[in-house]
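Engineer: from the sequence below, what's the structure:
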Amino acid sequence: MLSDTIQTALAMIYPPRCLTCSDLVDSDFGLCGPCWRDTQFIGGAICDGCGVPLIGHSGDGELHCDDCLRTQRPWANGRSAVLYNENGRRIVLGLKHGDRQDVVGPASIWMPAVAHDILKPNMLVVPVPLHWTRLLKRRYNQSALLAKSVAKHLELAWCPDALQRFKRTQALGGMGHTERFAHLRGVMKVHTYRRRRMIGRPVLLIDDVMTSGATLAAATEACYAGGADHVFVLTLARAAKDA
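Structural biologist: Presented below is the predicted three-dimensional model:
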């Protein structure tokens, strides 16, 4: 009862606002009507490798986008909740650089909604790690926040420090496709004292956004090197050329 009273008081002092335009909304961590309409949630026919929507495709069986046909993915399957454009981009950047941790609430509903067909028994949820210097500067790992909330929603085990990023890398912006993959190769590894939790288990790798897939590929390879059975990826957003 006390908790409900505190929540009511907080709602009066800090009324819930839309994640993208900051207008008042009826529920916590939501989008207003116009922003919901303008946010491109992913559904219908999708690429089985990364979850991007495939316009004009339908029917059963696995489908793959041009990126996943051109670049072999080390993970088994991937899913994403929204397209990384306009509102989707604002949501991700707000979480990543704007301290908008209130994004995690709705994201923990959107992401599981698209992941139902890649979930496995005894699955371990693992976030893509930040290098310690970047974590110190940002104060939190947005992927770890998402992973914790997604794991709770799906009632799965999670391990926030299963992976370590032991080498600081440059920002990937401006790098070409091949350069990105080469730059990130071998920069992550499984934490020595967490490996026992990963051995022989399927892993659900969580990140905020997938662009080229180079970061997720490096993290996936680290999971396999650490003994993971199969690796699946789930991101809040997916960048697409035609988005």
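Engineer: OK, contacts around V231?
Structural biologist: Counting by CB atoms under 8 Å, 6 or more residues apart in numbering, V231 makes contact with 74-76, 202-203, 205, 220, 223-224. (C-beta placed from N, C-alpha, C; glycine too.)
Engineer: out of the residues you listed, which are buried?
Structural biologist: Among these, those classed as buried by neighbour count (16 or more other CB atoms under 10 Å) are 74-76, 202-203, 205, 220, 223-224.
Engineer: after the helix or strand of the chain with the lowest mean pLDDT, next one along is what?
Structural biologist: Least confident helix or strand of the chain, by mean pLDDT, DSSP states H and E, is helix 2-13 with a mean of 47. Per DSSP states H and E, helix 2-13 leads on to helix 33-38 as the next helix or strand towards the C-terminus.
Engineer: strands of this structure, start to end?
Structural biologist: 78-83, 124-127, 157-158, 163-165, 188-190, 203-210, 231-238 (DSSP state E).
Engineer: using CSV, lay out those together with distance to R90 and mean pLDDT.
Structural biologist: Rendered in CSV, the data for the strands of the chain read as follows (distance: least, CB to CB, whole Å; pLDDT from 0 to 100):
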stretch, distance to R90, mean pLDDT
strand 78-83, 11, 97
strand 124-127, 22, 98
strand 157-158, 27, 97
strand 163-165, 26, 94
strand 188-190, 28, 94
strand 203-210, 12, 97
strand 231-238, 10, 98
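Engineer: any chance of the ones you listed in JSON lines, plus distance to L24?
Structural biologist: Output for the strands of the chain, formatted as JSON lines (distance: least, CB to CB, whole Å):
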{"stretch": "strand 78-83", "distance to L24": "22"}
{"stretch": "strand 124-127", "distance to L24": "32"}
{"stretch": "strand 157-158", "distance to L24": "33"}
{"stretch": "strand 163-165", "distance to L24": "39"}
{"stretch": "strand 188-190", "distance to L24": "41"}
{"stretch": "strand 203-210", "distance to L24": "26"}
{"stretch": "strand 231-238", "distance to L24": "24"}
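Engineer: closest one to G56 among these?
Structural biologist: Nearest to G56 among those is strand 78-83 (16.2 Å), distances taken as CB to CB.
Engineer: and that closest one, how far out from the chain middle?
Structural biologist: 8 Å (CA atoms, centre = their mean, to the nearest Å).
Engineer: give me the number of residues near the residue lying closest to F41 once chain neighbours are set aside?
Structural biologist: Using CB to CB, 6 or more residues apart in numbering and skipping residues adjacent in sequence, the residue nearest F41 is V82, 5.4 Å away. By other CB atoms under 10 Å, 25 other residues sit near V82.
Engineer: list the contacts of V82.
Structural biologist: 39-42, 88, 91, 110, 236-238.
Engineer: try 6 Å
Structural biologist: Contacts of V82 were listed using CB atoms under 6 Å, 6 or more residues apart in numbering, and they are 41, 88, 237.
Engineer: ok, now how distant is I46 from L54?
Structural biologist: As for I46, its distance to L54 is 6 Å (criterion: CB to CB, to the nearest Å).
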